[in-house]
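>>> let me see the structure of the following:
(one chain, ligands or ions: 1)
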Amino acid sequence: MSESYDFLFKFLVIGSAGTGKSCLLHQFMEGKYKSDSNHTIGVEFGSRIVSVGGKMVKLQIWDTAGQERFRSVTRSYYRGAAGALLVYDISSRESYNALANWLSDARTLASPNIVVLCVGNKKDLDAEREVTFLEASQFAQENELLFLEASALTGENVEEAFLKCAKCILAKIETGELEPERIGSGIQYGDAALRKLRQTSSRPRPTCSAPSCPL
Ligand SMILES: Nc1nc2c(ncn2[C@@H]2O[C@H](COP(=O)(O)OP(=O)(O)OP(=O)(O)O)[C@@H](O)[C@H]2O)c(=O)[nH]1
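So this is what the prediction gives:
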């Protein structure tokens, strides 16, 4: 089946081991909870086309291992990512304390302009909560991150997390802050967008003879 989409975004899912990154990806891809999740070895991959703000966007998602021993492998996948889900577990302060390091890696190795959405996963474990919503939302605000709490187990806010991040990237493309096709942007035009671009460029361009007019 041919795939038609306007944009392709490269996405990363990063964060400490056991925070639920693979389960979030599985829930987003399959619409169900992966109850027998094992530690990821290196990286895993998934892709899905979603509709965001009237555009079809293909998300190419790299789920990275959180274990330290895979760090050198996973780091090699960061390059040129347009968006990242930065995951911690609301019932693990340790995973929350590690966020600053993961974020620094993402901004250094992927791109300083990467759009990062921080996900407090395992929202269903409220009774075992070690990190409050308020504390994490302040961290997100201070570090210019999008933020929400989600549960890969119940599915709550999982779709929203990926869509919110994609929507923010699209908005930045529209304002010109992000440029598709620029090397390392993690954004490519899809067939549908290229067809529209070709149609636009084959129309006669407006001209103006006024000396200071850029047309
Ligand atoms: N209660 C609850 N458990 C979850 C949730 N998401 C994941 N888990 C459990 O947390 C454990 C780790 O999940 P994974 O998705 O494998 O974690 P990961 O972040 O991919 O781990 P690494 O691959 O080692 O980096 C598993 O036992 C999951 O069943 C959730 O939303 N709620």
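
>>> can you give me the strands in this structure?
Taking DSSP state E as the criterion, the chain contains strands spanning 7-15, 43-52, 55-64, 83-89, 115-121, 146-149, 187-189.

>>> which stretch among the ones you listed comes nearest S76?
If you check each of these against S76 by Cβ to Cβ, strand 43-52 wins as the nearest, at 9.0 Å. No exception for glycine: its C-beta is placed from N, CA and C like everyone else's.

>>> for the closest residue to G53 other than its chain neighbours, grab the count of nearby residues.
The shortest distance from G53 to any residue other than its chain neighbours is 5.5 Å, reached at L170 (Cβ to Cβ, 6 or more residues apart in numbering). The number of residues packed around L170, counting by other Cβ atoms under 10 Å, is 21.

>>> from memory L170 sits against M56, does it?
No - contact between L170 and M56 fails when scored by Cβ atoms under 8 Å: they sit 11.0 Å apart.

>>> list residues touching both of those two?
Residues touching both L170 and M56 comprise F7, with contact defined as Cβ atoms under 8 Å, 6 or more residues apart in numbering.

>>> tell me where this structure has helices.
All helices of the chain, identified by DSSP state H, fall at 21-30, 71-75, 93-97, 99-105, 133-142, 158-175, 191-202.

>>> any idea which of those helices is most buried?
helix 21-30 (a mean of 22; mean count of other Cβ atoms under 10 Å).

>>> kindly export that one (C-alpha atoms) in CSV.
Below are the C-alpha coordinates for helix 21-30, written out as CSV (Å, rounded to 0.1, in the frame of the first residue of the first chain):
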residue,chain,number,x,y,z
LYS,A,21,9.5,3.7,27.1
SER,A,22,8.9,0.5,25.2
CYS,A,23,5.4,0.2,26.7
LEU,A,24,4.6,3.8,25.6
LEU,A,25,5.7,3.1,22.1
HIS,A,26,3.8,-0.2,22.0
GLN,A,27,0.6,1.4,23.3
PHE,A,28,1.0,4.1,20.6
MET,A,29,1.6,1.6,17.8
GLU,A,30,-0.8,-1.2,18.8
